[in-house]
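**Q** Return atomic coordinates for the entry below.
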Amino acid sequence: MAEIKKINGQNRVDYMARDYDSILKSLRDMVPNKLPEWKDYESEADFGNVLLELFAHMGDILSYYQDRVANESFLTTATTRRSIIDHLRLIGYRLSTASPASTALQLAFPASCDEVVTIRRGDSFATKSQKDKASVRFEYNREDPLVIDCGSLAVDPVSNKKYFKEDDLLGTEGVPVEEGRLVKDEILGISDGTPNQRFPLAHSGLILRSLGQGINEDIILITRLGETPDKWTLLDSLAFSREGQKDFVIEIDEEDRVTLIFGDGGFGAIPPKGAVIEATYRVGGGLKGNVPKNSIETIIDAPQLSLLGVKVTNPNSASGGAEREGIDHAVMHSPNVFRSLKRSVTADDYKNLALNFNGVGKVRAEKANWNTVSLFVAPEGGGTASDILRANLLAYFEDKRPLSTLIEVKDADYVKIYISAEVGVEGYYSKEQIKEKVCRAVSGLLSFNKVDFGISVYLSKFYEAIEKIDGVEYVTIKQFTRNYEEINEIEKDGIIALGVNEIPRIADDPDDDQNYANGIYIVSLEGGL
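**A** Presented below is the predicted three-dimensional model:
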């Protein structure tokens, strides 16, 4: 039997233990005992040797497929998304779909505008398309329309505009938008009245947050037979759906294609024969939605705004966008979610369940008082949690928390790390290229995926990263501190210890001093070209 070896940190069945060479050697070793009269079995010109090589080749292929089957039979060794989906279905764990980014838009109305403007679900905006980058679509996605009375807005004396934007004093948050596209009233087919009917959605990439209580429905499904439409409810399973109850479930395959499944009459109702099946849902999500501030400037489908000459922008960057859950993440987190039985009791339960909510990059849970749990959340890619992410996360926990427990979502505290250094460059190396490599190495040490709450940042790691760059002769770090004003200061013992709610990040925000735009201020580059 082939051995299980650890390759790149993961268990893999080593099919090379039965490869072509080892099989051919085994066959040739058997020849003297089985066919002693055969003397030229190692000759390339011998036809029998050709047969041995063919048998070894087929054995190699069969061994490979046997070991692949063995690989896919276990969660810890499976490599295909389809196998992972099937394994996790046994414990009621569904891989998360891509999560959409969200932000709030600022609207600038002409000073003379006194209209009452209504923004409805599906009104859309976008970033500007570029030569090598497509535009990203954002939509207002709330069920309740947003009504803006322009007559009540003050005129800004500088720009001579009326602004509807985030304002803590007025209690406004701008226009909340979410990346993605609304697919409305898509006809999936007509019921034939048989049990367990299946209808695929035309578009892949469904945005599916959670099946917990209190969540806005991600798929609105209606059947029409006659004048009265029937609305159906999306559940995690039909196992507890009663006879005649209008429930359905979904399956998402490895290509993110979605199939809707109805009941058999005993567990969930059967759509009546001849009924038209209609679905409304949203597609999108992914890292592409985490666009920088002031990049959403185009009105796509909101004519009530275009006719008034309204200008839009996003004062804050969009955050919370995440790709679909990877199989490595699922293999690592699914056992913890299974052990918690999807119930939050301990701090680890809250943390593991929150990490299972796509769009959440890092989280820390702590007891605020006897009946309140604080979740400190950093969305995917960093930044602060949007109002939409907060609301969805709270709704996700609605059927998982104890009845008397309250949950509050708070932002992580990001700490800027300031670094400056003198770098010596070896001869025949370009100073500009070395500078770029140094900046990349320093930024990489504090990238979002490599840091966490409450860690310590060590000066030695930055020396190590810079010194191993080809072309760097020497490096002297002059500043290593969390305070920009402390020029030529090194934190005591070369360690920056962070608080429990703090996450380090390199000082690379455009609002920072321009010297730190690339994560490190290069005081001087000596030598080189």
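**Q** can you pull the buried residues of the host helix or strand of Ala421?
**A** Taking DSSP states H and E as the definition, Ala421 sits inside strand 413-425. For strand 413-425, a neighbour-count test (16 or more other Cβ atoms under 10 Å) marks 414-421, 423-425 as buried. The C-beta positions use only the backbone N, C-alpha and C, and glycine is treated the same way.
**Q** Check stretch 252-270 too.
**A** Neighbour-count burial for stretch 252-270 [16+ other Cβ under 10 Å]: 252, 256, 258, 260, 262-263, 267-270.
**Q** do stretch 227-236 as well
**A** Of the residues in stretch 227-236, 232, 234-235 count as buried by neighbour count, 16+ other Cβ under 10 Å.
**Q** Endpoint to endpoint, stretch 343-361 covers what distance?
**A** Counting by Cα to Cα, to the nearest Å, you get 20 Å between the two ends of stretch 343-361.
**Q** contacting residues around the residue lying closest to Lys400 once chain neighbours are set aside?
**A** For Lys400, ignoring the flanking residues on the chain, the nearest one in space by Cβ to Cβ, 6 or more residues apart in numbering is Ser344 at 4.9 Å. Applying Cβ atoms under 8 Å, 6 or more residues apart in numbering to Ser344 gives the contacts 350, 353, 373, 397, 400-402, 405.
**Q** change it to 10 Å
**A** Applying Cβ atoms under 10 Å, 6 or more residues apart in numbering, we find Ser344 in contact with 350-354, 365, 373, 375, 397, 400-402, 405, 407.
**Q** For it, give me the pLDDT.
**A** Predicted confidence (pLDDT) for Ser344: 81.
**Q** repeat for Ile7
**A** In this model, Ile7 carries a pLDDT of 63.
**Q** what's the answer for Asp21, then?
**A** 84.
**Q** Count the neighbours of it for me.
**A** 10 (other Cβ atoms under 10 Å).
**Q** Tell me how far the strand or helix carrying it lies from the chain's centre.
**A** Asp21 is part of helix 20-34 when elements are defined by DSSP H and E. Centroid displacement of helix 20-34 relative to its chain, using Cα atoms, centre = their mean, to the nearest Å, is 51 Å.
**Q** helices and strands around it, which ones?
**A** Helices and strands touching helix 20-34, as assessed by 3 or more Cβ pairs under 10 Å, 6 or more residues apart in numbering; DSSP states H and E, comprise helix 47-72.
**Q** and the gap between the spatially most central residue of the chain and Trp370?
**A** In the chain, the residue lying closest to the centroid (Cα atoms, centre = their mean) is Ala322, at 2.3 Å. Distance of Ala322 to Trp370, given as Cβ to Cβ, to the nearest Å: 33 Å.
**Q** before we move on, what about Pro379?
**A** Distance from Pro379 to Trp370, by Cβ to Cβ: 29 Å.
**Q** Please say which of the two ends up with more neighbours.
**A** Taking other Cβ under 10 Å, Pro379 and Trp370 do not tie; Pro379 has more neighbours (29 against 7).
**Q** The more buried one reaches Gly321, doesn't it?
**A** Yes - the pair formed by Pro379 and Gly321 meets the contact definition of Cβ atoms under 10 Å, at 8.2 Å.
**Q** Report the set of residues contacting both of those two.
**A** With Cβ under 10 Å, 6+ apart, Pro379 and Gly321 have common neighbours 99, 101-102, 290, 359.
**Q** quick one on the thing from earlier: what helices and strands are in contact with the strand holding Ala421?
**A** Against strand 413-425 (3+ Cβ pairs under 10 Å, 6+ apart) you get strand 372-379, helix 431-445, strand 456-458, helix 459-467, strand 472-481, strand 495-497, strand 502-506, strand 521-527.
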